[in-house]
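Undergrad: All I have is the shape, not the residue letters:
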């Protein structure tokens, strides 16, 4: 059995960070987690997507002589991390069903001989007692559970296979455990502690604020409006990669086909595709062959692509946790990016359908299933509240996850609610009359009907449902026929966005009057709402052309464009030869630093942030050759 004790005296973590990984400094919380891991403590780290969670176990794994076992939910994620570690000269492997028997035998042999620092496993592998015995013989020094929220019924992505991980830990003689997640409320955190049997754990929660991300919500009337806004966003985001999330496989394929008629480099991804096709699509996305990817939530967990500039949720996700995690795949390089939710109230029914399916094939009296369904509905309600919220988007996330420290810093200043035009008191008497007519109709119905039925009454529809319910006798019947159904729907959306009316319920939401709306109706308060634009009252598009907030970290310097492009071409060739994604060789930020500094020797190249010894030895001379060639052109 390998000696799994930490090395003494305590290592210089900053030196190792720079020497092995090429980073100049730790991100918030990383050092604290690493020191606890090296002290053999149980740790729960809740860090936003892009905060460097993986480094919290990868760096300690290079400083101990034992094996670090990493439980990871996706084969594609394992491959990405193993490839990245190997480019840094760190011995790592994955063991999974997608490998040949010969490949798996080689991994086992390397593990037994003590050649591996890290071994990545899928949670399903824990079902094989023989395999667990092989790992136990090696004596792991650390058990890492990535995406740890999957262990909780109260989280947004519960996976039954994760429930065995507490038992796995006991079978491996209870090594120290590090649990990592980007999204965990206080209840989910406690569930992780309990199910992994933590002993006096350290819990590290770093700031959830993402100052480089601009969050926005567009309340949409239907598919046509969604497509129009999506096309505008794609047009205004010419660089980087884009991800568009949809709730169903069918919708993914239909939208990808539609976008493919007007854009190049469009692909789609969902769990219904064959394994080899999903792997191929993933690789094409990280290698920039696919620039617009339409996907279900099956795509993206742990994807470390730095240049995603736009994430659009075409359909409402099932929870704020899911939305925050998926949106957080944008801007991982620190550059400005947009995260936009295209919200249509009727889309909520799709999520309610998924919740209903949780109980399929299970006895109706099953308490656990009922609790999961109730928990899922509560998560969905919070998501819908976010869509209609009038509070800073980032403050909503900070309050939801209990990030008190970041909340005290106040609004973000650049989400749609912070940067939208100031609210105005409505001076147009005709528009004021129309809005008051909508409010009066909603108040009269007292929460019995949804927006469609309210629209029917105001338009003067004589459909069967209206007549059967005798709604044609309403005082406001037909009052707004002159502005058409579209105009009425737009009024309802504006009143919902401004908080004068609210939607209640999920599958069949009804519309009710808020206290704010009642005050306008009674005449005690003026109608104050967001200023409409000059296009006949059309809802405003997301401000895709806005410049990044001053608080958003941007790329350093202004490198010579020709040299930067030549370095990118070199990186593409090296990545192709090694069969890895380009960003695993060098991030764009590293290439910009090289183009800025124009190093002329190995020693000066070594001083560039992002270049450790392994990459210096592997790629250094080729990089210097490109820099020197560019210098020759300039002279």
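TA: Yep, it's here. Here the structure is a predicted model, which is why all the values come from computation and not from measurement. Numbers count the residues shown, from 1 in each chain.

Undergrad: Give me the neighbour count for residue 584.
TA: Burial of residue 584 is recorded as 21 neighbouring residues (other C-beta atoms under 10 Å). All C-beta atoms are positioned from the backbone trio N, CA, C, and that covers glycine.

Undergrad: ok so it is a helix residue?
TA: Yes: counting by DSSP: H, G, I helix; E, B strand; the rest coil, residue 584 is part of a helix.

Undergrad: nearest spatial neighbour of it, skipping sequence neighbours?
TA: By the measure of C-beta to C-beta, 6 or more residues apart in numbering, the closest residue to residue 584 outside its immediate chain neighbours is residue 84, 4.7 Å from it.

Undergrad: Where does the prediction get shaky in the stretch 151-300 of the chain?
TA: 155-156 (pLDDT under 70).

Undergrad: what about the residue nearest the centre of the chain, which SS state?
TA: The centroid of the chain falls nearest to residue 326 when counting by C-alpha atoms, centre = their mean (2.0 Å). Following three-state DSSP, residue 326 is assigned to helix.

Undergrad: That one reaches residue 245, doesn't it?
TA: Yes: using C-beta atoms under 8 Å, residue 326 makes contact with residue 245 at a distance of 5.8 Å.

Undergrad: Name the residue most distant from the centre of this protein?
TA: residue 473 (48.7 Å).

Undergrad: Distance of that one relative to residue 438?
TA: In this view, residue 473 and residue 438 are 18 Å apart by C-beta to C-beta, to the nearest Å.

Undergrad: Over to residue 596?
TA: For residue 596, the distance to residue 438 - C-beta to C-beta - is 57 Å.

Undergrad: cool, and residue 83?
TA: On the measure of C-beta to C-beta, residue 83 and residue 438 end up 56 Å apart.

Undergrad: higher neighbour count, the two?
TA: Comparing residue 83 with residue 438 by other C-beta under 10 Å, the one with more neighbours is residue 438, at 27 against 19.

Undergrad: my read: that one touches residue 493, true?
TA: No: assessed by C-beta under 8 Å, residue 438 is found out of contact with residue 493, at 10.6 Å.

Undergrad: and stretch 102-109, what's its mean pLDDT?
TA: For stretch 102-109, the mean pLDDT works out to 92.

Undergrad: ditto for stretch 606-625
TA: Stretch 606-625 comes out at a mean pLDDT of 82.

Undergrad: buried stuff in that stretch?
TA: Neighbour-count burial for stretch 606-625 flags 606, 608, 610-612, 614-616, 618-620, 623-624 (criterion: 16 or more other C-beta atoms under 10 Å).

Undergrad: Of these, which is the nearest to residue 21?
TA: Lowest distance from residue 21 to these (C-beta to C-beta) belongs to residue 612, with 5.5 Å.

Undergrad: which regions of the chain lie under the pLDDT threshold?
TA: 1-11, 155-156, 301-304, 359-367, 420-426, 506-508, 531-560, 630-635.

Undergrad: if you set the cut-off to 50 instead, what comes out?
TA: 1-9, 363-365, 534-558 (pLDDT under 50).

Undergrad: Please compute how far the helix or strand hosting residue 226 lies from its chain's middle.
TA: In the assignment (DSSP states H and E), residue 226 maps to helix 223-235. Offset of helix 223-235 from its chain centre (C-alpha atoms, centre = their mean, to the nearest Å): 21 Å.

Undergrad: Residue 127: neighbour count?
TA: Residue 127 has 11 neighbouring residues, counting by other C-beta under 10 Å.

Undergrad: now residue 125
TA: Look at residue 125: counted by other C-beta under 10 Å, it has 17 neighbours.

Undergrad: Residue 407 now?
TA: The number of residues near residue 407, taken as other C-beta under 10 Å, comes to 17.

Undergrad: Apart from its neighbours in sequence, what residue is nearest it?
TA: Using C-beta to C-beta, 6+ apart, the closest residue to residue 407 is residue 398 (4.5 Å).

Undergrad: in which helix or strand would I find that neighbour?
TA: If you go by DSSP H and E, residue 398 is part of helix 393-400.

Undergrad: So which residues of the stretch 501-635 of the chain form strands?
TA: 501-504, 510-513, 528-530 (DSSP state E, counting those that start in this stretch).

Undergrad: Go through those and name the closest to residue 23.
TA: Closest of the strands of the stretch 501-635 of the chain to residue 23 is strand 528-530, at 42.7 Å (criterion: C-beta to C-beta).

Undergrad: Identify the residues contacting residue 311.
TA: Applying C-beta atoms under 8 Å, 6 or more residues apart in numbering, we find residue 311 in contact with 242-245, 326-327, 329-330, 337-340.

Undergrad: so what's it closest to, chain neighbours aside?
TA: Among residues not flanking residue 311 along the chain, residue 330 sits closest, at 4.5 Å (C-beta to C-beta, 6+ apart).

Undergrad: The one you found contacts residue 339, correct?
TA: Yes: Residue 330 is within contact range of residue 339, at 5.6 Å (criterion: C-beta under 8 Å).

Undergrad: Name the residues contacting each of these two.
TA: Counting by C-beta under 8 Å, 6+ apart, the residues touching both residue 330 and residue 339 are 213, 310-311.

Undergrad: okay if I get these as a markdown table plus secondary structure and distance to residue 368?
TA: Formatted as a markdown table, the shared contacts of residue 330 and residue 339 follow (DSSP: H, G, I helix; E, B strand; the rest coil; distance: C-beta to C-beta, whole Å):
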| residue | secondary structure | distance to residue 368 |
| --- | --- | --- |
| 213 | strand | 36 |
| 310 | strand | 39 |
| 311 | strand | 33 |
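
Undergrad: Show me which of these is closest to residue 27.
TA: Closest approach to residue 27 among the shared contacts of residue 330 and residue 339 (C-beta to C-beta): residue 213, at 16.0 Å.

Undergrad: For the stretch 451-600 of the chain, which segments count as helices?
TA: 451-459, 464-468, 484-497, 515-522, 561-578, 582-585, 588-597 (DSSP state H, counting those that start in this stretch).

Undergrad: let me fix that: the stretch 251-400 of the chain
TA: Taking DSSP H, counting those that start in this stretch, the helices of the stretch 251-400 of the chain run over residues 275-286, 320-327, 348-357, 367-388, 393-400.

Undergrad: For the first one, give me every contacting residue.
TA: Around helix 275-286, the neighbours that count as contacts under C-beta under 8 Å, 6+ apart are 75-76, 80, 98, 241, 267-269, 271, 273, 290, 293, 299, 303, 305, 581-583.

Undergrad: switch to 7 Å and redo it
TA: Applying C-beta atoms under 7 Å, 6 or more residues apart in numbering, the contact partners of helix 275-286 are 76, 98, 241, 267, 269, 290, 293, 305, 581.

Undergrad: Check the fourth one too.
TA: Contacts to helix 367-388, defined as C-beta under 7 Å, 6+ apart, come from residues 153-154, 156, 217, 316-320, 323, 341, 343, 348, 351, 355, 358-359, 362, 396, 400, 496-497, 502-503, 506.
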